[in-house]
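Q: just need the structure, nothing else, for what follows:
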Amino acid sequence: QVRLVESGGGLVQAGGSLRLSCAASGRTFSRYAMGWFRQVPGKEREFVAAITWSGGSAYYADSVKGRFTISRDNAKNAVYLQMNSLKPEDTAVYYCGADVDTAYIRVDVADYDYWGQGTQVTVSS
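A: Just a heads-up that it's a prediction; the model follows:
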C-alpha cells in the first residue's frame, strides 16, 4: 500500500512558476517509478512527466518539455515537479502516481497503482 499527498498548487500568472511536491508513505519509495499527470474537467487524465526509481532518468510530455522538471528525493520519500514558464493551458488538477510494478518509466495512466488526491494549478492569462 502506498499513500500519496500532493501540495504546492495555486494560482499563478502566465510566465510564472510553481513547484509541486508529493509525499509518499508505505512501500519502500526507492523501489518504484513515480509520475505526474494532470486532468481538466471533461477530459482524460494525461501524462506530464515520470522518473525512474533512482532519479537517473526522466521523461516528459512534449507539451511540457523544456519548462517542467521532475525530480525525487528518496531520503525524504518525495517527488517534485518544478513548473516554469507556465501557460494558461497548463491549468489542471495535478496528480502524482506510483507505479510500483516497475522501477522504470511508463506513461500510461493504467500502469499506475496509487494516486494522490490532486492539487489544483490555475494559470491566469
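Q: for the rest of this, base every contact and every neighbour count on C-alpha atoms.
A: Will do.
Q: if I look at the residue nearest to residue 101 when sequence neighbours are not counted, how far off is residue 93?
A: Spatially, and ignoring its direct neighbours in sequence, residue 101 is nearest to residue 32 (6.9 Å; C-alpha to C-alpha, 6 or more residues apart in numbering). For residue 32, the distance to residue 93 equals 23 Å [C-alpha to C-alpha, to the nearest Å].
Q: do the same with residue 59
A: According to C-alpha to C-alpha, residue 59 and residue 93 sit 20 Å apart.
Q: show the residue spans covered by the strands in the protein.
A: Secondary structure of the chain (DSSP state E): strands at 2-7, 10-13, 18-26, 33-39, 46-51, 58-60, 68-73, 78-83, 92-99, 114-115, 119-124.
Q: could you export these as CSV, including distance to residue 107?
A: Listed next are the strands of the chain as CSV, based on distance: least, C-alpha to C-alpha, whole Å:
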stretch, distance to residue 107
strand 2-7, 18
strand 10-13, 25
strand 18-26, 18
strand 33-39, 8
strand 46-51, 6
strand 58-60, 9
strand 68-73, 14
strand 78-83, 16
strand 92-99, 10
strand 114-115, 14
strand 119-124, 20
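Q: what's the spacing between the closest residue to residue 102 other than its chain neighbours and residue 95?
A: Leaving aside its sequence neighbours, residue 102 sits nearest to residue 32 (C-alpha to C-alpha, 6+ apart; 5.6 Å). With distances taken as C-alpha to C-alpha, residue 32 is found 17 Å from residue 95.
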